[in-house]
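Kindly generate the corresponding structure for this input.
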Amino acid sequence: HVQLVESGGGSVQAGGSLRLSCRYTAIRRCMGWFRQAPGKEREGVAAINSVGTIIYADSAKGRFTISTDNTKNTLYLQMNSLRPEDTAMYYCAADDRAATCGTWRATMYNYWGQGTQVTVS
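Just a heads-up that it's a prediction; the model follows:
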């Protein structure tokens with residue numbers, strides 16, 4: 001059973017930074033971050049597969065960095081230059097298929113964390 005537990009969310013002023021963490025019980029072939037703002041669909045932010053290939057959504061490019069530390073069983077999302085439009089609940093997600101990382105389709109991810117709130121004002 002795969003468990004994902006996010007932490008690191010909070011409130012920050014525009015231009016600030018946050019680092020989200022996702023503790024996992026076992027790394028999967030695809031791991032990613034999604035976010036969902038009120039009234040909007042869940043959208044992909046960044047993903048990394050088991051060979052280290054990384055993709056970013058256009059909204060995250062140049063500002064966010066996804067990484068993993070397998071010694072700590074943790075997935076990270078470093079977020080810099082935050083904007084009010086980054087305000088959302090952020091979710092860690094994982095799937096056993098590496099190909100899942102090639103799509104932003106949330107329905108393809110089988111494992112989800114409970115989310116951590118990020119508020120940018």
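
surely Ser121 meets Pro84?
Yes - Ser121 lies in contact with Pro84 (CB atoms under 8 Å); the separation is 6.5 Å. C-beta: built from backbone N, CA, C; applies to glycine.

shared neighbours of those two, anything?
By the contact definition CB atoms under 8 Å, 6 or more residues apart in numbering, Ser121 and Pro84 are jointly contacted by Ala14.

Could you give the backbone dihedrals for Ala98?
Backbone torsions of Ala98, given as degrees, to the nearest 10, read phi -60, psi -30.

Just give the nearest non-adjacent residue to it, would you?
Spatial nearest neighbour of Ala98, chain neighbours left out: Arg29 (4.2 Å); criterion: CB to CB, 6 or more residues apart in numbering.

Report pLDDT for that neighbour.
In the prediction, the pLDDT value recorded for Arg29 is 92.

so what's it up against?
Arg29 neighbours (CB under 8 Å, 6+ apart): 49-50, 95-98, 100-101.
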